[in-house]
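Trainee: need the 3D shape of this:
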Amino acid sequence: VSDKMYCNCCECTFEDRKEQEQHYKSDWHRYNLRLRLGGFKTVKIEDFEKIANDVSSISGSEDEGERTSDEETECQSKKTKNSKHQMNKIYLKTKDGELISLYRCLLYHKKNRLTEQTDLIEEIKKLPQKTNSAIFMSAGGHFAGAIYNGKQVLTHKTFHRYVVRAKRGTAQSSRDSQGGNAPKSAGASLRRYNEAALIQEIQDWIMNNGEVINTCDFLFLRAPSFNRKIFYGGKNPPFTKDDDRIRVIPFPTRRPTYNEVKRVYEMLFSIECYGRHILYIT
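Mentor: Numbering: from 1, shown residues only. Here you go, the predicted structure:
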């Protein structure tokens, strides 16, 4: 029996368990799983990258560690997903007896959790005045950001650079963060350069829009855990971790694109109505 770690779905090998875990979180692996479940032939990483440039509806990878790495977790039960979704929302009954819900992150920062009903209601009343917000998403060499005043997009931007390792589906910085001897190949050097250039492009764009960002009531960020330096790193980081306006996007997101940012905005700021006949939520 070979000692090498191997993904049967994508037909690629790994140097260690950590690299294998990162692969299981990648867009490429998730895409191949869907193909296999549908009875279709899987694709190589080169073909996947061509597809990914044209399609923005593939589930995003490396989403701050919210997903587990084992392959079998791709088939999570619907009950578990619903339970997590409900924990991120607050449910209220209107004076007309209708059940509605909205995301908790709109009412308070996770470090300042509100539990009293009166406090929650007061924060809900303030929401109509909190009209300025920004959404910034980064993963796998892709970035998308937009700044809003109400529903109006004041400015938006997307960037893309190739930073994903061929036949691995993970970013170069993810591999480097594992420790040991960092690869010194020309490809690895190019990916490191691209990652550094991408971070600089993102930070420059955010800083150039600093005046309007300073007026935002909410800053929604999404980036893989190993690459949050995009928002907090460097000599002049765009944001500080103690900024109470910063919130985590409370649901899974797709590849960072402008269309995905717009979808995230609609989900975050929509109130869901369940009608009058809901007795309980399971």
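Trainee: can you map out the helices along the stretch 101-250 of the chain?
Mentor: Using DSSP state H, counting those that start in this stretch, the helices of the stretch 101-250 of the chain run over 117-126, 172-176, 186-208, 210-213, 229-232.
Trainee: tell me which of the ones you listed is the most buried.
Mentor: helix 172-176 (a mean of 21; mean count of other C-beta atoms under 10 Å). C-betas here are computed from N, CA, C, even on glycine.
Trainee: hmm, back to that, how about JSON lines for the helices of the stretch 101-250 of the chain, with mean pLDDT added?
Mentor: Shown next, in JSON lines, are the helices of the stretch 101-250 of the chain (pLDDT from 0 to 100):
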{"stretch": "helix 117-126", "mean pLDDT": "91"}
{"stretch": "helix 172-176", "mean pLDDT": "52"}
{"stretch": "helix 186-208", "mean pLDDT": "89"}
{"stretch": "helix 210-213", "mean pLDDT": "97"}
{"stretch": "helix 229-232", "mean pLDDT": "92"}
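Trainee: Glu266: which of those is closest?
Mentor: Closest to Glu266 of these is helix 117-126 (C-beta to C-beta; 18.9 Å).
Trainee: list the contacts of the closest one.
Mentor: 90, 92, 102, 106-108, 114 (C-beta atoms under 8 Å, 6 or more residues apart in numbering).
Trainee: widest-spaced pair of those?
Mentor: Leu92 and Tyr108 (15.0 Å).
Trainee: adding pLDDT and neighbour count, write the contacts of helix 117-126 out as a markdown table.
Mentor: Listed next are these as a markdown table, based on pLDDT from 0 to 100; neighbours: other C-beta atoms under 10 Å:
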| residue | pLDDT | neighbour count |
| --- | --- | --- |
| Ile90 | 88 | 20 |
| Leu92 | 85 | 15 |
| Leu102 | 93 | 18 |
| Leu106 | 96 | 21 |
| Leu107 | 95 | 19 |
| Tyr108 | 93 | 17 |
| Leu114 | 87 | 16 |
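Trainee: what's the closest of the helices of the stretch 101-250 of the chain to Arg255?
Mentor: Nearest to Arg255, of the helices of the stretch 101-250 of the chain and by C-beta to C-beta, is helix 186-208 at 14.7 Å.
Trainee: find the residue closest to Cys10 in space, skipping its chain neighbours.
Mentor: Asn32 (5.2 Å; C-beta to C-beta, 6 or more residues apart in numbering).
Trainee: touching, the one you found and Phe40? I think so.
Mentor: No - with contact defined as C-beta atoms under 8 Å, Asn32 does not reach Phe40; the gap is 9.4 Å.
Trainee: which of these two has more neighbours?
Mentor: When Asn32 and Phe40 are compared for neighbours, Asn32 comes out ahead with 23 against 10, by other C-beta atoms under 10 Å.
Trainee: ramachandran coordinates for the more buried one?
Mentor: Asn32 adopts backbone torsions of phi -60, psi -30, taken as degrees, to the nearest 10.
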